[in-house]
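Colleague: I would like to see how this sequence folds:
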Amino acid sequence: MKSSFYTSILIGIFGLFQAVNAQVVKELEVLVKDTTFHSVLLYDVSGRKVLQTEYYLAGNNWVRNTQIEWFYTPSPKQVERKWRSNKWVTTYTIDYVYSNNQLITETHNGVNGLQQSKIEYQYSVPNNTLLYRFHYLWEKGVWSLKRKDSFLGYIYQMPSTTQIDTYHSDTIQSQYLSLVKYNTKGLPDNQCFKSRNAGDADWKNQDSTNWYYHSDQKRLLSMRSKIWDTYNFVWVNSHRTDYDYYDSVQVSYQTNYKWNGATWQSDLQYANNFAPNGNKQSCKVNTRLFNEWRPMGTILYSDYAFGMATKIRSQFEYWGGTPNELVATDIPFLLNNEMVVLKAKTIDLKFAQQVVDTTTNIDTIQKPVTVYPNPSNGVFYIGSALGAFDSWQITNLDGKVVKVQSDFSGTMVIDITDLPAGVYLLTAYFRNMRYFQKLIKI
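Modeller: Numbers count the residues shown, from 1 in each chain. Down below sits the predicted model:
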C-alpha cells in the first residue's frame, strides 16, 4: 500500500496543505539493506507536494517502483501506484471531502490483484471542534461501523476526555477511555487509560503517564509511566524517560529507564552532539552494560543546507557488527519542514529551486497550463486549474506520435521515461480545447 522505503507523511485531520520553502528537497536517495532507492519529489508553485516517484537500482539501471500523486482541485485526493507489466497500476486511493475548510469524510480504497478493501472515516467537526470520528469498513456491500471515537471536555483546544467504542454487528464490544490533565501552558500533566467490556458498569485502570517540565513549563524534563496492579489495586512504576537539553529547544540526552521492583534502572540512551551553530552532528545510541554506557550505533548528520542535513549515515559502534559498518536503523530527519522517519543505512538529499515552464500555445484558454519539471528525466507533471485532461499524446520532432494516453485515468503525470532523450511536443485535450507544450527529456 505504501512506498517500500518512504514513510509517507500523515495528513492531519484538520488540513491537507502545507507551505514549503522555495528551495525544496527534490531528490531523496536511500540505501536499505542492499538495495538503493531513489525518490523524486515535485511541488506546485504554491509549495504543495503533487508527485513522488520512487525508483530502485538494478545493476546500473534505475527501475520504476512506486508513485504517489496528490490532487488538490477540484476534490482533494491521494493516489498510490506500482509499476507492473510496463505500466503504472493504481493500488491505493484516498478521497477527501471538505465542508467549510473542515475534513468531514476520508475514504480509503485498496486494490491488490482481485482483492479490494474499503475503509471510511467520518468526522463531526461543529464550530471547528472535532467531537466524533467514525470508522467504517465495507463488508458484503454495506458500510459497517467498527469504531467510534468521542472527543469531549476541550481545554486549550485539546480534548481532556477521549472515549473509543469498538463495534461488531453494530453492537459495542469494548470501550477505552483516556483522561488528560493539562498545565497552564496547555501541555499534558497526566494521562490515565481505562477500559471495560460491553455490559460492564465500571471502568478498569490500565496505565498512567505523568509529564514533568522545566520551570518555564515548556521543556519536558521527564516522562514516567505506571501500570495498574489488579491484585493489590495500586499503581506500579513501569517506564521512565529523562531529557537533558543542549539549548532551549534541542535535546542533548534522552535516557530510558525500567522499574526493577525497587529502583529505576537505566537501559538505553540517545546522546546528541551539536555544532556551535546548533546543527545536529550525530546521535549515538548507548546501552547499559556492567554499569557503563556502551555505544551500539551512531547516526551521523552532515552537509547542511537550508537548515537540513543532506547526508545521513547510520553505522555500528560496538554490538552486532564491525565498527563503522553501515547498518539499517530508524533515522529521523527534517524533509521540507516535515519530520520523517525512515529505516535506512544512508540518506542523501538534493535541493533544487522549483522550476515551472508555463510556455504554452493554446487554442482557447483563460488560465495558463504549467508543465514541470521541464527539462526532466522523463516524468513530467501537468499543473492545471482545469483538473485532469481527457487524453494526451506525445509526438517527436518528425511529427510521429510516440506515446498516447486515451483512457481517463485522472492522473496529471506524463511518463516518457522509456523514450530517448530529446525534444517532444505534448498535445493535451480537455473537452473541446487543445493544449500544446514543448517537453525536453534529458
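Colleague: mind checking the SS state of the residue of the chain most remote from its centre?
Modeller: Distance from the centre of the chain peaks at Asp398, with 43.7 Å (Cα atoms, centre = their mean). Three-state assignment for Asp398 (DSSP: H, G, I helix; E, B strand; the rest coil): coil.
Colleague: Could you tell me what pLDDT the model assigned to it?
Modeller: Note on Asp398: pLDDT of 83.
Colleague: Tell me the spacing between Tyr246 and Tyr253.
Modeller: Distance, Tyr246 to Tyr253, by Cβ to Cβ, to the nearest Å: 9 Å. For glycine as for every other residue, the C-beta is placed from the backbone atoms N, C-alpha and C.
Colleague: tell me, what's touching these two both at once?
Modeller: Here Tyr246 and Tyr253 have Asn272 as joint contacts, going by Cβ atoms under 8 Å, 6 or more residues apart in numbering.
Colleague: Can you list the buried residues in stretch 47-54?
Modeller: Gly47, Lys49, Val50, Leu51, Gln52, Thr53, Glu54 (16 or more other Cβ atoms under 10 Å).
Colleague: any idea of the mean pLDDT in the strand or helix carrying the last one?
Modeller: Right, the one you point to is Glu54. Using DSSP states H and E, Glu54 sits within strand 49-58. If you average the pLDDT over strand 49-58, you get 92.
Colleague: what's in contact with that strand?
Modeller: 3-6, 20, 35-44, 62-72, 336, 379, 381, 383, 412-413.
Colleague: hmm, which of those are the buried ones?
Modeller: Buried among the contacts of strand 49-58 (16+ other Cβ under 10 Å): 3, 5-6, 20, 36-44, 62, 64-71, 336, 379, 381, 383, 412-413.
Colleague: per-domain residue ranges of the protein.
Modeller: 23-206+228-234+246-353, 361-441 (automatic domain parsing).
Colleague: Columns distance to Asp216 on top of those, output as a markdown table?
Modeller: Output for these, formatted as a markdown table (distance: least, Cβ to Cβ, whole Å):
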| stretch | distance to Asp216 |
| --- | --- |
| domain 23-206+228-234+246-353 | 8 |
| domain 361-441 | 45 |
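Colleague: where among those is the average confidence lowest?
Modeller: Among these, domain 361-441 carries the lowest mean pLDDT, a mean of 78.
Colleague: what's the spacing between that domain and its chain's center?
Modeller: Put simply, domain 361-441 sits 29 Å off its chain's centre (Cα atoms, centre = their mean, to the nearest Å).
Colleague: swap in stretch 292-309?
Modeller: 22 Å.
Colleague: what's the answer for stretch 228-243, then?
Modeller: On Cα atoms, centre = their mean, the centre of stretch 228-243 falls 33 Å from the chain's centre.
Colleague: Also stretch 333-341?
Modeller: 9 Å.
Colleague: would you put the C-alpha positions of that stretch in CSV?
Modeller: C-alpha atoms of stretch 333-341 as CSV (Å, rounded to 0.1, in the frame of the first residue of the first chain):
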residue,chain,number,x,y,z
PHE,A,333,15.3,13.8,9.8
LEU,A,334,13.8,17.0,8.5
LEU,A,335,12.4,16.9,5.0
ASN,A,336,10.9,20.2,3.6
ASN,A,337,9.6,21.3,7.0
GLU,A,338,8.3,17.9,7.8
MET,A,339,9.8,15.4,10.3
VAL,A,340,10.2,12.0,8.6
VAL,A,341,11.5,8.6,10.0
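Colleague: buried residues in it?
Modeller: Neighbour-count burial for stretch 333-341 [16+ other Cβ under 10 Å]: Phe333, Leu334, Leu335, Asn336, Val340.
Colleague: same check, this time on stretch 75-85
Modeller: Buried-residue list, stretch 75-85, by 16+ other Cβ under 10 Å: Pro76, Lys77, Gln78, Val79, Glu80, Arg81, Lys82, Trp83.
Colleague: Next step: these restricted to strands.
Modeller: Within those, residues falling in strands by DSSP state E are Lys77, Gln78, Val79, Glu80, Arg81, Lys82, Trp83.
Colleague: can you count the residues close to Tyr154?
Modeller: 13 (other Cβ atoms under 10 Å).
Colleague: for Leu289, same thing?
Modeller: That count, for Leu289 with other Cβ under 10 Å as the rule, works out to 12.
Colleague: So what sits opposite it in the bridge?
Modeller: Leu289 has these beta-bridge partners by DSSP bridges: Glu292.
Colleague: so what's the closest residue to Arg64 other than its chain neighbours up against?
Modeller: Distances taken as Cβ to Cβ, 6 or more residues apart in numbering place Trp83 nearest to Arg64, at 4.0 Å, with adjacent residues excluded. Counting by Cβ under 8 Å, 6+ apart, Trp83 touches Val63, Arg64, Asn65, Thr66, Gln67, Val89.
Colleague: Report the beta-bridge partners for the fifth one.
Modeller: Beta-bridge partners for Gln67, by DSSP bridges, are Thr53, Arg81.
Colleague: my guess is it contacts Lys87, does it?
Modeller: No: using Cβ atoms under 8 Å, Gln67 makes no contact with Lys87, being 11.3 Å away.
Colleague: re earlier: and which of the ones in strands among the buried residues of stretch 75-85 is nearest Tyr98?
Modeller: The shortest approach to Tyr98 among these belongs to Lys77, at 11.6 Å (Cβ to Cβ).
Colleague: Distance-wise, check the closest one relative to Leu152.
Modeller: Lys77 is 32 Å from Leu152, by Cβ to Cβ.
Colleague: Now whichever strand or helix holds Leu28: buried residues?
Modeller: For Leu28, the element it lies in under DSSP H and E is strand 23-32. For strand 23-32, burial by neighbour count (16+ other Cβ under 10 Å) applies to Val24, Val25, Lys26, Leu28, Glu29, Val30, Leu31, Val32.
Colleague: show me what contacts the fifth one?
Modeller: With Cβ under 8 Å, 6+ apart as the criterion, the residues that contact Glu29 are Thr36, Phe37, His38, Ser39, Thr346, Ile347, Asp348, Lys350.
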